[in-house]
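All I have is the shape, not the residue letters:
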């Protein structure tokens, strides 16, 4: 069944770790009593769940950048769109428990003096509709953007800058109150999901498990693409796009399919992220966020999917640690990371281990 | 002793005295210091009528101390001490008044309210005072002061004012002031009872853009007199057309100034990205360094704010240029031919530069002062005034562009730059030291970014994040204009700026910006090589 | 095309709409014995006429050599046939029924025109087997490529092509590690995998030793007959060794055509090559 993991030691290790975590973390959180040395706090569970969502995002970026050679500086936008779709569902679950106590309207709409929920919020009170939108909205945006860009053969740096402009434009748009997504403050103060309180330990654990499962499935799907003939063609596109065209592949179609798929993965990651951190705001669209996640992949090692996961964990753990311990150091560290990785570690940490293997 | 300035323009002041007080006309009042003292003393009388006479005498005295006295009186700040009957100007303090003698202009310390008696004014007196102050200002030797004096009289013209203006008009030499007075008088004529005067005034005012004119004409349009109503209607229509035209001119001007900002920010990038093919995400931070250099130089020479800006231009060029060369030598050099990696590495550098500035100067915005010669505005007519800082930025942008263009086209450095950018290996074979040229080119582009920072410090906040606000816009301009083409950058920047400003009225600032971004994204799909693609064999 | 021209094209009465008369790329009609018709083709870059009213025809199974000085337009001609460059005027038909000017590069490749680049371009990060596997003829849509699994016949096909190009021993070697000559063969091998009717081969022996050249010559002549082959080459000895018919390209059009001897004795060719 897991034919795609054949020869992928990193992937095997990842899936093993994920399965262990899915069993162990709930036990250590829910069963082992608080105060016990082995107890895992709910805060930690949520933090890990957040990292898992980021890891899925990193895998999505790696697929388009590491394998297909498209440096997307706008994947944060797909992530945020998925997050907003989830946020809209959660927002409508608040009901009359908001500050203004309006049963139909989210707080910020009451604040803006709106009389009814705008048309594009219709249906988001249904969980499954919202979940479809989580995949559909980022996917559709990626499809339209990609269809235009790939057909006219915008490549390389130009494409990167265009993706950056895309997320920048979206950020500006979402900052506007009139857009109907809560403006500056975004969507927050969520209460529950599918009827379960977001504050309860068991919901947090469930979200953690869902994130782990999504990462595992996303990883396997990407891996399946990578090992297939399509995956080989994708890498060939990265290396010599023209040649691929001349042996009869519709390069624009392939790019579009992979790019859209990756955007959907990013959207799912965003949807898992939002209930765990409890907020989604336009800051997620900022170009800095998008470019930051590229460095996760770079440090982990691009064109190795497990490397992307590794990178996401390392960078985000350092970020959590450093922004707590020495906030002013964090940007220095991140900046230095960008420079050093590109100069001295072009294949990332995964590349290091590969070299060792080759030497041994 | 008072120095007598016996220029003509003192005449109306003197005349004012005459017309206000026909009774005194026969006995020509004494002029000069003594007359001033006498008149001041007479202000203390009880009757308003007497006081009017005293004010007239005061004005006629032509003493330079008159104006503050009139202003104080108008603002109910003129008193006399109950004990010594000295006329003083009092400024309210916590407990009483701080008083200054009117005659010797010396401070007399504090006085309680009970020690002072206010010199009261009524409405008639107020009118006289206002007219008197205006008339005194009208006799100022500087034409700008006179112009603003006339402007202040709009809408507050009494008969006295008309008389002052009419007489002053005869002797006024400055054409702008004359024009202003004429408009004022015409506006006054609009309310005349005489049909012909009104019609003449309407005809004369059909070119005036003054808001008062529009108000008056609107009223006249409803006049029962057919001819007057029609004439005012026509005049109004004409004025509206002109207003609409000037509104467009103004938008275009705003657009040009925004465009210049874009061009300034982008032109350094046009060198590093366009000519060298290097993606420098730290470009915005080099702009920021230029702005901070301006700030530091102002701190170093606080007395010479005007000069500091001129000093800052070369200084910012050197600072940003040096940092640019450092970046090129330490990082970019190792990444030639790997544009995506360059993008990431320079982005890292941009974070480091931001945080460095944040650590040194605090995360808050710093304020850079605007020198005197850049503040204020150039008034072309009442509907169109151009602020000097925007005007200078447009000029500055064109200047920078011209210099850069000449450097690239005419100097040996420019020749080497073009050679290396076209064919590195061949250029090297011809004896050009490519790596040195790379460093210098990058330094040049970075230095220009620094200069842009100097300009931006005059119109936006200087803060650690300012670079990020410009980097995407700069890339858009370069890509839109066509990479490797300086003219493309210029035209691209200006057209984006103008498009942005013309969309703003109906779309709002943010939406206009979004629309421009979306437009460029779509445009690049259609013409991936920009407005003015670099010519050459397609590879 | 301007909007007006587009409208005119739409209302032409001597042709039916494209969607009615859908081109069938899978079957090229060569009943008249010709596989490629290049007629009256011109293209210019920034005012420079790279191709100037070029006319030539390739017969089914023919091996044609194209020679000409640098800048004669040889590579541009190949770019036009394979869809990389659109000509300003003229027509290029593949057989009698396929208009190449209306097709994209992948469609042209799918229809049966294979191309080897001047600079050998193989997928350097893949091994030889994978290079050939990707080039293999078949449905190259996104989904079918994702689902594609090698059958044993396909395995054999790849093995036999590796045999032909002499790279059987190093199936798992990364293509980036091959020598220059081996890359050239691998690229020819990839052409063969596509099973094209027409092969366009740009400078196949550049950077090869004499032995390798002979082998390449043999390979190309053996391909002719079953396939039609157009070879662009600088090396006159090599051309002489394989050519039956030679076309001389000069300033974007055909200067002379005929056997090697005829061409070599042609007065105009001598002038162009030796100078007046």
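Yep, that arrived. Remember, predicted model here, so these are calculated numbers, not experimental data.

Hmm, residue B:254 is touching residue B:501, no?
Yes - taking contacts as C-beta atoms under 8 Å, residue B:254 lies within contact range of residue B:501: 4.5 Å. Just so you know, the C-beta spots here come from the backbone N, C-alpha and C atoms, and that holds for glycine as well.

could you say which helix or strand contains the nearest residue to residue B:275 once chain neighbours are set aside?
Of all residues not flanking residue B:275 in the chain, residue B:421 sits nearest, at 4.7 Å (C-beta to C-beta, 6 or more residues apart in numbering or on different chains). Element membership for residue B:421 (DSSP states H and E) is helix B:412-422.

Likewise for residue B:446?
Here residue B:446 is assigned to helix B:434-457, by DSSP H and E.

in that helix, what counts as buried?
Residues of helix B:434-457 classed as buried: B:437-457 (neighbour count, 16 or more other C-beta atoms under 10 Å in any protein chain shown).

residue ranges of the strands in the chain, please?
This is for chain A. A:187-188, A:192-193, A:196-197, A:279-280 (DSSP state E).

Can you look at chain B instead?
Under DSSP E, chain B gives strands at B:78-81, B:87-93, B:96-101, B:107-111, B:116-118, B:377-381, B:384-387.

Quick check: which of these is nearest to residue A:64?
Nearest to residue A:64 among the strands of chain B is strand B:384-387 (46.5 Å), distances taken as C-beta to C-beta.

any residues touching the closest one, and which ones?
By C-beta atoms under 8 Å, 6 or more residues apart in numbering or on different chains, the list of residues contacting strand B:384-387 from outside reads B:209, B:246, B:249-250, B:253, B:376-380.

now do 7 Å
Here strand B:384-387 makes contact (C-beta atoms under 7 Å, 6 or more residues apart in numbering or on different chains) with B:246, B:249-250, B:253, B:377-380.

And for stretch A:192-203?
Contacts of stretch A:192-203 (C-beta under 7 Å, 6+ apart): A:29-30, A:42, A:90, A:93, A:127, A:190-191, A:275, A:278.

and if we set it to 6 Å?
Contact partners of stretch A:192-203, identified using C-beta atoms under 6 Å, 6 or more residues apart in numbering or on different chains, comprise A:42, A:93, A:127, A:190, A:275.

Tell me, how many residues neighbour the fourth one?
Right, the one you point to is residue A:190. Neighbour count for residue A:190, taken as other C-beta atoms under 10 Å in any protein chain shown: 22.

One more: the first one?
Burial of residue A:42, expressed as a neighbour count using other C-beta under 10 Å, amounts to 19.

quick one: the nearest residue to residue B:67 once chain neighbours are set aside from residue B:77, how far?
Using C-beta to C-beta, 6+ apart and skipping residues adjacent in sequence, the residue nearest residue B:67 is residue B:136, 5.0 Å away. Residue B:136 is 17 Å from residue B:77, where distance means C-beta to C-beta, to the nearest Å.

got any ranges where chain B has weak pLDDT?
Low-confidence segments of chain B, defined by pLDDT under 70: B:1-33, B:154-161, B:534-539.

in a strand, that's where residue C:228 is, yeah?
Yes - under DSSP: H, G, I helix; E, B strand; the rest coil, residue C:228 falls within a strand.

List the contacts of it.
C:35, C:58, C:60-62, C:198.

Repeat that for residue C:123.
A:236, A:239, C:131, C:175.

returning to that earlier point: need the strands of chain A in JSON lines (columns: mean neighbour count, distance to residue B:527 and mean pLDDT).
Output for the strands of chain A, formatted as JSON lines (neighbours: other C-beta atoms under 10 Å in any protein chain shown; distance: least, C-beta to C-beta, whole Å; pLDDT from 0 to 100):
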{"stretch": "strand A:187-188", "mean neighbour count": "21", "distance to residue B:527": "38", "mean pLDDT": "92"}
{"stretch": "strand A:192-193", "mean neighbour count": "18", "distance to residue B:527": "47", "mean pLDDT": "90"}
{"stretch": "strand A:196-197", "mean neighbour count": "13", "distance to residue B:527": "52", "mean pLDDT": "91"}
{"stretch": "strand A:279-280", "mean neighbour count": "24", "distance to residue B:527": "36", "mean pLDDT": "94"}
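
burial of the closest residue to residue C:236 other than its chain neighbours, as a residue count?
Nearest non-adjacent residue to residue C:236, counting by C-beta to C-beta, 6+ apart: residue C:67, 7.4 Å away. By other C-beta under 10 Å, 25 other residues sit near residue C:67.

Any idea what residue C:67 is bridged to?
When bridges are called by DSSP bridges, residue C:67 pairs up with residue C:248.

By mean pLDDT, which helix or strand of the chain comes out lowest?
Answering for chain A, as no chain was given. helix A:348-359 (a mean of 69; mean pLDDT, DSSP states H and E).

not quite, I wanted chain C
Min over SSEs of chain C, mean pLDDT, DSSP H and E: helix C:3-10 (a mean of 70).

what's in contact with the helix or strand following that one?
Later in the chain than helix C:3-10, the nearest helix or strand by DSSP H and E is strand C:34-45. If you take C-beta under 6 Å, 6+ apart as the criterion, strand C:34-45 is touched by B:537, C:50-60, C:87-93, C:95, C:198, C:228.

Stretch B:217-227 too?
Residues from elsewhere that reach stretch B:217-227 (C-beta under 6 Å, 6+ apart): B:228-229, B:232-233, B:235-236.

ok, and for stretch B:475-494, which residues are buried?
Of the residues in stretch B:475-494, those buried (16+ other C-beta under 10 Å) are B:475-486, B:488-494.

Next: stretch C:164-183.
Judged by neighbour count using 16+ other C-beta under 10 Å, the buried positions of stretch C:164-183 are C:164-167, C:170, C:174-175, C:178, C:181-183.

same check, this time on stretch C:118-138
So for stretch C:118-138, counting by 16+ other C-beta under 10 Å, buried means C:120-123, C:125-137.

Next step: those residues restricted to helices.
Residues of the buried residues of stretch C:118-138 located in helices (DSSP state H): C:128-135.

Tabulate those (JSON lines), appending pLDDT and distance to residue C:247.
Listed next are those as JSON lines, based on pLDDT from 0 to 100; distance: C-beta to C-beta, whole Å:
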{"residue": "C:128", "pLDDT": "92", "distance to residue C:247": "33"}
{"residue": "C:129", "pLDDT": "93", "distance to residue C:247": "36"}
{"residue": "C:130", "pLDDT": "92", "distance to residue C:247": "36"}
{"residue": "C:131", "pLDDT": "93", "distance to residue C:247": "31"}
{"residue": "C:132", "pLDDT": "93", "distance to residue C:247": "31"}
{"residue": "C:133", "pLDDT": "93", "distance to residue C:247": "35"}
{"residue": "C:134", "pLDDT": "93", "distance to residue C:247": "32"}
{"residue": "C:135", "pLDDT": "91", "distance to residue C:247": "28"}
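
Count the residues that sit near whichever residue of the stretch 151-276 of chain C sits closest to chain B.
Of all residues in the stretch 151-276 of chain C, residue C:252 sits closest to chain B, at 13.8 Å by C-beta to the nearest C-beta. As a burial measure, residue C:252 scores 23 neighbours (other C-beta under 10 Å).

for it, phi and psi?
The phi/psi pair for residue C:252 (degrees, to the nearest 10) reads phi 80, psi 10.

how about the strands in the stretch 151-276 of chain C?
Applying DSSP state E, counting those that start in this stretch to the stretch 151-276 of chain C gives strands spanning C:198-202, C:228-232, C:245-250, C:253-258.

Mean pLDDT for those strands - can I get that in JSON lines?
Shown next, in JSON lines, are the strands of the stretch 151-276 of chain C (pLDDT from 0 to 100):
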{"stretch": "strand C:198-202", "mean pLDDT": "91"}
{"stretch": "strand C:228-232", "mean pLDDT": "92"}
{"stretch": "strand C:245-250", "mean pLDDT": "89"}
{"stretch": "strand C:253-258", "mean pLDDT": "88"}
